[in-house]
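Participant: pasting the sequence and the predicted model now:
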Amino acid sequence: MISLIKDFLGFDIKEEKYKLSSDPQFGVIADEKKPDKWVFSTCGYCGVGCGLYIGVKDGKAVYTKGNPKHDVNMGTLCPKGLSEHQLINSKERVTLPLIRRAGTLRPASWKDSFTKVSSEFKRIAKEHGEKAVGVLSTGQLLTEEFYTLGKFVQLGLKTNNYDGNTTLCMASAVMGYKQSLGSDGPVGSYEDFEKANTIFLIGANIADNHPILKLHLAKNKNKPNIIVIDPRASKTAQMATTFIPIKPRTDLALYNGLAYIVMEQGWEDEGYIQANTNGYKELKKHLKDYPPQEVANITGIDVKTLYELARQFVSQDSVLSAWTMGVNQSFMGTDTVSAIINLHLLTGQIGREGAGPFSITGQCNAMGTREFGFTSSLPGYRNYGDEEALTDYASKANIPQNIIPTERGYKYAEIIDAIDRGEIKALWIVATNPLVSFVNQNKLRATLDKLDLLVVQDAFMSDTAEIADVVFSAATWGEKEGTYTNSERRCNRANKAVEPIGDAKSDFDIVLEFSKYFGGVNELLFPEWKKPIDAFHEMKKVSEGQLCDYSGITYELLEEHGGIQWPCNKERPLGTKRLYSPDIAFRTKDEKANLLCVEWFPMAEPQSTTFPALLNTGRTVEQWHTRTKTRSIDILNDLAPESWIDINPKDAEALKVKSGDRMAISSVRGRVEDIMVRVSGSVREGNIFVPFHYNTALVNNLTNDSFCPKSGEPNYKQTAIQLHSYEVPDGLVFKETEISGEIEHVKTAYEGIKIIEKVSILNGK
């Protein structure tokens, strides 16, 4: 423990020469690290959007502390946030541009780097067409940078083969909102965690992945029933009042089954349905295929439990459903989101305090790229192909209408496939690391080898940057300014605390300067732009009248109020807590939401005699994505130094392994060796969990490349695998597991948690 404290503080608390001072706002701080100034900002890790201050001393970031006046986190931070200042001076930083010469990345000037890349982009466009250049972005940039980058790529380079790594985490939520409600945009607020009577957490391990949200649950005076629906008894399941150990990838069938019961029992809100929805009759007919016993067979949840879960939606004043990657990362992800929304529409549990379907965003600014990044929509949530929306955007942005794309280009995985086919010749990757994060790594690596040019723009020497032809060295969090939007639509201010390291430039400056190498593109798209606020002013203008209306937001307001939730305009000068309340209509043509007939399908890659187990991947609280930001921070690595396998005790016994042993995992795509074993009751028999962060145990060598056809999001969560121990190298024997036995095991593992098995049925409201 002493060594961890020393790593975090930067000094040994036993050494007398270090004196401590009391700061009136932040408590005890070492004199040696006492900042000269505190800079107001926002965390740059996950989508919770915690307010914080960066402590600066002698021009360097030396401290990070939570903002006690910020509504999101009330002064608290997770381990990553507390040590965030350390990433700025990480040994992994790329401090100047690099060009590959004679097989080695060597230092270069910005002029030479921009000249080389622009010349190659122009050559490729001339020989193969403009769309032969592809771009993969991120959820980590500031919104002003997303807008600038997207505008340059789509309107300057004239390629719509542009997507972000947000497609790997939030795309299913985006498309689910769109097809059900008419627009992207999370419906609720964190305040709803404090107001709801019942909270459903579906495939959402917030205790690990969004731990600050637990503060909002703790503020709920209603003593809500917290129902966790997950195949894994995660840390979040341990804090639940009710845990439902559902079979993997059956959540869509569950929600269809709950909707069936609501209709069967006459529990729906007929008045709300008639006034606000379309498709009721079609849905009722469709759901005849999902009677309770059939859904019980699919999900492993007994019939009585299904009735009790359905009753929760109609017997409470306010029901909140929140989900993350357990729902989104599926080949049925979009339709699963719509199935959740269906239940809220049928019961009128939407658009009011404590109620609604609420996606919890993964990255700090996945919302920003959705709002203004030109990926899944034109800026301001305008749909591609909508002539009126296209004309409106062209007018407000003062650009020719004929240069705006009328359709979306390839999604992330489609860009990779187009490279494989030889259709895309150059790829520009911005602040993401697909050589750890993408599925089926062996195929990806072979595909990237086919490129004429790979450009990586990053603040860190990632696995992908290591194989690049050119690296643009970017500034990172704390070295630049702009805004992030969090999961509850709160636009937050991120300020520059220190100068960029070495010769690095902000992503905003990189794009602006790079655009000058393409004729009159800079003058056309960015007239007189010099600072991020120039992009922000145009964002405000083009969003006016849209659902994500920024027109009333200023940088000053964001600092004064700790963020503003859009829509924010003259009518709503301090923002909006919830969408689709009585005065905010759904964004469909007739202003009614769509009840959708969505179908459940069996698993994309089922277990077999060769691969009898299932791999589930996810995150841990101590590390971030592919660890480009966190692997050089000692305290985080000391807490979670390497990958591991969570394995059920029965499987461990069959494989003759115990915690601390090493073993291998294989799938049809490859094999990963020497992963540490952690025997745990958190996973069911025949299932394992492995965090995806570690390039030393690259679990995405195994994951399958099936994708949601609507969102393009990969099905990370269920991959058929075999486990190999030294004692049992051939692995497990395939067998069907007994659901009752699984439930009994979870009961034993987490004594004291109420797991619904036998309940009394309470009819009516």
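Facilitator: Structure's in. What do you need? None of these values were measured; they are calculated from a predicted model. Residues are numbered from 1 along each chain as shown.

Participant: neighbours of the closest residue to residue 112 other than its chain neighbours, how many?
Facilitator: What sits nearest to residue 112 in space, not counting adjacent residues and going by CB to CB, 6 or more residues apart in numbering, is residue 99, at 6.5 Å. All C-beta spots, glycine's among them, are computed from the backbone N, C-alpha and C. Look at residue 99: counted by other CB atoms under 10 Å, it has 18 neighbours.

Participant: what residues are up against residue 99?
Facilitator: Counting by CB atoms under 8 Å, 6 or more residues apart in numbering, residue 99 makes contact with 105-106, 108, 112-113, 116, 469-471.

Participant: 7 Å - rerun?
Facilitator: By CB atoms under 7 Å, 6 or more residues apart in numbering, residue 99 lies in contact with 106, 108, 112-113, 116, 470.

Participant: try residue 330
Facilitator: Residues counted as contacts of residue 330 (CB under 7 Å, 6+ apart) are 172, 249, 336, 708, 715, 717.

Participant: likewise for residue 431?
Facilitator: Residue 431 makes contact with 138, 140-141, 457-458, 474 under the criterion CB under 7 Å, 6+ apart.

Participant: if we go to 10 Å?
Facilitator: For residue 431, the contact set (CB atoms under 10 Å, 6 or more residues apart in numbering) comprises 136-141, 145, 149, 164-165, 363, 456-460, 462, 474, 476, 507, 628.

Participant: in strands, which of those residues fall?
Facilitator: Counting by DSSP state E, the contacts of residue 431 place 136-137, 164, 456-458 in strands.

Participant: so which of those residues would you say is closest to residue 387?
Facilitator: Minimum distance to residue 387 across those is 25.6 Å, recorded for residue 164 (CB to CB).

Participant: now that closest one. Nearest residue, chain neighbours left out?
Facilitator: Distance criterion CB to CB, 6+ apart; nearest residue to residue 164, sequence neighbours excluded, is residue 137 at 4.0 Å.

Participant: the one you found - how many residues pack around it?
Facilitator: Residue 137: 29 neighbours (other CB under 10 Å).

Participant: how about residue 308?
Facilitator: Neighbours of residue 308 (other CB under 10 Å): 21.

Participant: check residue 214 too.
Facilitator: 16.

Participant: which residues touch it?
Facilitator: By CB under 10 Å, 6+ apart, residue 214 lies in contact with 76, 193, 206-207, 235-236, 239.

Participant: can you pull the phi/psi pair for residue 212?
Facilitator: Backbone geometry at residue 212, expressed as degrees, to the nearest 10, gives phi -70, psi -20.

Participant: neighbours of it, just the number please.
Facilitator: 21.

Participant: that one and residue 73 touch, don't they?
Facilitator: Yes: counting by CB atoms under 10 Å, residue 73 is a contact partner of residue 212 at 4.8 Å.

Participant: need the overlap of contacts for these two.
Facilitator: Counting by CB under 10 Å, 6+ apart, the residues touching both residue 212 and residue 73 are 43, 48-50, 66, 81, 190.

Participant: between those residues, which has the most around it?
Facilitator: Using other CB under 10 Å as the neighbour test, the shared contacts of residue 212 and residue 73 are led by residue 49, with 31 neighbours.
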